[in-house]
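Colleague: Curious how this folds, go ahead:
(2 chains, ligands or ions: 2)
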Amino acid sequence: MAGKFDQNDASVVVVVGSGAGGGTLATELALKGVKVVCLEAGGRHEIEDFINDEWASFSQLAWTDMRTTSGSWRVARDFANLPAWIVKAVGGSTTHWAGASLRFQDHEWKARTTYGELAGASLLDWPIDSAEMAPWYTKAEDRMGVTRTHGIAGLPGNNNYKVLEAGAKKLGYKEVSTGRMAINSAARDGRGACQQIGFCFQGCKSGAKWSTLYAEIPKGEATNNLEVRPNSYVVRIEHDASGKVTGVVYFDKEGREQRQKARIVAVAGNSIESPRLLLNSASNMFPQGLANSSGQVGRNYMRHMTGSVYGVFQKPVKMWRGTTMAGIVSDEARHDPKRGFVGGYELETLSIGLPFMAAFLDPGGWGRSFTSAMDGYENMAGMWIVGEDMPRADNRVTLSNARDKHGYPVANVHFDDHPNDVAMRSHAYNVGAAIYEAVGATRTFPTTPYPSTHNLGTNRMSENARDGVVNRWGQTHDVKNLFVSDGSQFTTGAAENPTLTIVALALRQADYIVNQMSKNVI
Amino acid sequence: MQQHTQPQGGRPHIDRRLFLTGAAGATIVVLSGAIFHPAEAWALETKNLKPETMRTLIKMARDIYPHDRLADKFYAVAVKGYDEKAADAALRSTIESAVAELDAMAKTAYSAAYANVGWEWERTRLLEKIAATPFFQSLRGGLVVSLYNQPEVWPAFGYEGESASKGGYINRGFNDIAWL
Ligand SMILES: Cc1cc2nc3c(=O)[nH]c(=O)nc-3n(C[C@H](O)[C@H](O)[C@H](O)COP(=O)(O)OP(=O)(O)OC[C@H]3O[C@@H](n4cnc5c(N)ncnc54)[C@H](O)[C@@H]3O)c2cc1C
Ligand code: SF4
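Modeller: Ligands and ions are numbered 1, 2, ... in the order given. Predicted coordinates:
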């Protein structure tokens, strides 16, 4: 495939994946003068291609290639081959994402120290902390145009937010607002203001929402240092006799095997594909998989403790109108073990359209109980619960017996809730219902978690090589010129939506890579 | 609906034979290779499934996802794909025998074919008995999309669908809630 950079050019940095982590890293490196080839498994769909239709958009953007599941989580029963709702396209899941952009709380960097030893959990402190991350968060917020930071005004509240706000305030909650969103409340950075279209999950047609697709990658491409190659499905990372990686093998759109040489490889395929790629790259030298001397690749899979609460009211809400997730209650995000669990959770507005509501309100449900709920759709308000879940060694991504069309084993995702997750979810369901009942809900629904949108932890960051896969820079402990640049680096998940942290880590990693390259260490 | 034809002359002409098929009281009637819905003025020809079977599937679809505000035609649209798929002999026999079995259960319990059992709760009881079968599971699973993803049903739920071409809701009531 003729591209900007030659496939035998061994001086380029290869980034696998163009989402929050990969798209940001690739762009930042290019801006710093480094030559980058970003290989993306999915196609390139620009803003004008986005579709305001849930299933049509899902077929256009979502990752629907085969995956398998196991474990006691309900997703394994209801959506056996769809463990995660994430994207396969240039821009990755930042095309689908809702834009909620929150910093970790200080204590969340030190979960093991703060929460103590928990049976059945593999908690670990991050090797970095909030002081170290503060400047990178600042840079990421500025880059993404996060509202309520850098003097950027908050978004106006839509109907769904107003219901949440009124209910939460009645219950005495204080930290209630339209949140910190990477969505323009006014024109900024060459992109316009939010038009309250209400299809944030389907790709923002106004471009108000930050996405690597149009807010990062074109800036990288403008430097001439970045080539994004869509429809390039990486299946293996290769290394030399010294154990350094030398490039990757991928399949192009026509299904032909291709090779791209590299000086450095950065893996950012999201937390299911990234460990799969490392495991599929096993060799004589690395029989357990690349960068897996610790045996931690694929383990400690986290998906946030989630769930939704929908409430039906006597009068219309029309929750689908306007920004999907611009509304938050943060009072329960604190760590307060008196509630019966460690860590905390956020409550955020959420609306899904009628087609997705039918699929996700109560998967498998039917009959009058289900349809009378659907009949209340116009009068519904909705919120999403996102809280810290406990990492567990056996919640993990492994290679399945099933194979993809190129003959490589697909990922199996195994997940069992930790008792702490169960306790937190039940607390959150009660609070969510109480919020809506406080403003007159006649019926509420504790809705089970959707296929995972936040996938984390499967190549975790650790101080000691035996405890994790990457060091404080996202560089693998085992292979100096191999990096992990997505949410799979997360040591623990915190209560906050992960993308701001993924972007901040990618910006910081870019700095480190340039520094190491200039010293010729890698 | 591609296959339904509008009967001539506005209101459907109801033939005497319709009553002879024993469908008195039913909203959907079966006649020579097709099903007719006089009240909604549509008809659906079947190519592979027995028309009686299609009528039962439509009834099952409504009983699985009962919305009193939705006309039968939306349920017909939601399941008519099974007739196409039943070109496959194995699938055809799976569907025909599953429906025959359901009718047999209905006759034992209520002395009527499934579609003619009087109360929804009676039919639902029968459905509960087959709820674990792959046939029911795939019918129900398919309906989630084939029923609720018809843009024509959205207005019945108030859902407004696509909004980008109308400029979003920034000037069209994104924050117009008045009762709080
Ligand atoms: C509906 C939805 C709403 C969300 N809302 C929010 C929110 O409000 N706030 C928030 O913080 N987060 C949100 N998220 C999560 C957020 O999108 C992800 O956390 C983030 O995008 C993850 O970044 P990533 O770099 O790890 O992976 P992704 O952004 O998913 O990018 C990975 C990319 O790698 C590609 N890839 C994978 N394997 C290969 C391979 N072998 N070869 C080549 N390419 C490959 C994929 O195709 C994909 O494009 C949401 C997600 C979804 C789905
Ligand atoms: S509501 Fe705003 S952010 Fe969401 S899709 Fe519309 S314009 Fe984009």
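Colleague: Just list the residues touching the residue lying closest to A:D404 once chain neighbours are set aside, thanks.
Modeller: Excluding its sequence neighbours, the residue lying closest to A:D404 (CB to CB, 6 or more residues apart in numbering or on different chains) is A:V410, at 5.3 Å. Where C-beta positions appear, they are placed from N, C-alpha and C, glycine not excepted. Going by CB atoms under 8 Å, 6 or more residues apart in numbering or on different chains, A:V410 touches A:D65, A:M66, A:R67, A:T68, A:R276, A:L399, A:S400, A:A402, A:R403, A:D404.
Colleague: How about the secondary structure of A:V410?
Modeller: Under DSSP: H, G, I helix; E, B strand; the rest coil, the three-state class of A:V410 is strand.
Colleague: picking up where we left off before, take the contacts of A:V410 and write them to CSV, including distance to A:R44 and pLDDT.
Modeller: Formatted as CSV, the contacts of A:V410 follow (distance: CB to CB, whole Å; pLDDT from 0 to 100):
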residue, distance to A:R44, pLDDT
A:D65, 17, 97
A:M66, 23, 96
A:R67, 23, 98
A:T68, 28, 98
A:R276, 23, 98
A:L399, 29, 98
A:S400, 29, 97
A:A402, 28, 97
A:R403, 27, 97
A:D404, 21, 97
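Colleague: of all the residues you listed, which two lie farthest apart?
Modeller: A:D65 and A:L399 (14.4 Å; CB to CB).
Colleague: residues in contact with A:V317?
Modeller: A:N159, A:N160, A:V163, A:E378, A:N379, A:M380, A:A381, B:I177.
Colleague: pLDDT weak spots in the chain?
Modeller: Defaulting to chain A. A:1-2 (pLDDT under 70).
Colleague: Can you look at chain B instead?
Modeller: If you take pLDDT under 70 as the line, chain B has these spans: B:1-26.
Colleague: what about the residue of it found nearest chain A, distance to A:S372?
Modeller: Proximity of chain B to chain A (CB to the nearest CB) peaks at B:G158, 3.0 Å away. To A:S372, B:G158 is 15 Å away according to CB to CB, to the nearest Å.
Colleague: Which of those two has more residues huddled nearby?
Modeller: B:G158 (17 against 14; other CB atoms under 10 Å in any protein chain shown).
Colleague: The more buried one against A:E378, yeah?
Modeller: Yes: the pair B:G158 / A:E378 is scored as a contact, 3.0 Å apart, by CB atoms under 8 Å.
Colleague: Could I have the CA atoms of stretch A:370-379 written out in PDB?
Modeller: Output in PDB follows, covering the C-alpha atoms of stretch A:370-379 (Å, rounded to 0.1, in the frame of the first residue of the first chain):
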ATOM      1  CA  PHE A 370     -41.700  -4.100  29.400                       C
ATOM      2  CA  THR A 371     -44.000  -2.400  27.000                       C
ATOM      3  CA  SER A 372     -45.700  -0.200  29.500                       C
ATOM      4  CA  ALA A 373     -42.200   1.100  30.400                       C
ATOM      5  CA  MET A 374     -41.600   1.800  26.700                       C
ATOM      6  CA  ASP A 375     -44.900   3.500  26.500                       C
ATOM      7  CA  GLY A 376     -43.600   6.000  29.000                       C
ATOM      8  CA  TYR A 377     -40.600   6.900  26.800                       C
ATOM      9  CA  GLU A 378     -41.600  10.500  26.200                       C
ATOM     10  CA  ASN A 379     -42.000  11.100  29.900                       C
END
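Colleague: How about it, which residues are buried there?
Modeller: A:F370, A:T371, A:A373, A:M374, A:D375, A:G376, A:Y377, A:E378, A:N379 (16 or more other CB atoms under 10 Å in any protein chain shown).
Colleague: Then stretch B:166-180?
Modeller: Buried, per 16+ other CB under 10 Å, within stretch B:166-180: B:G168, B:Y169, B:I170, B:F174, B:N175, B:I177.
Colleague: what about that stretch, near chain A?
Modeller: Yes: Stretch B:166-180 reaches chain A (CB under 8 Å from any CB of the partner chain) through B:G167, B:G168, B:Y169, B:I170, B:R172, B:G173, B:F174, B:N175, B:D176, B:I177, B:W179, B:L180.
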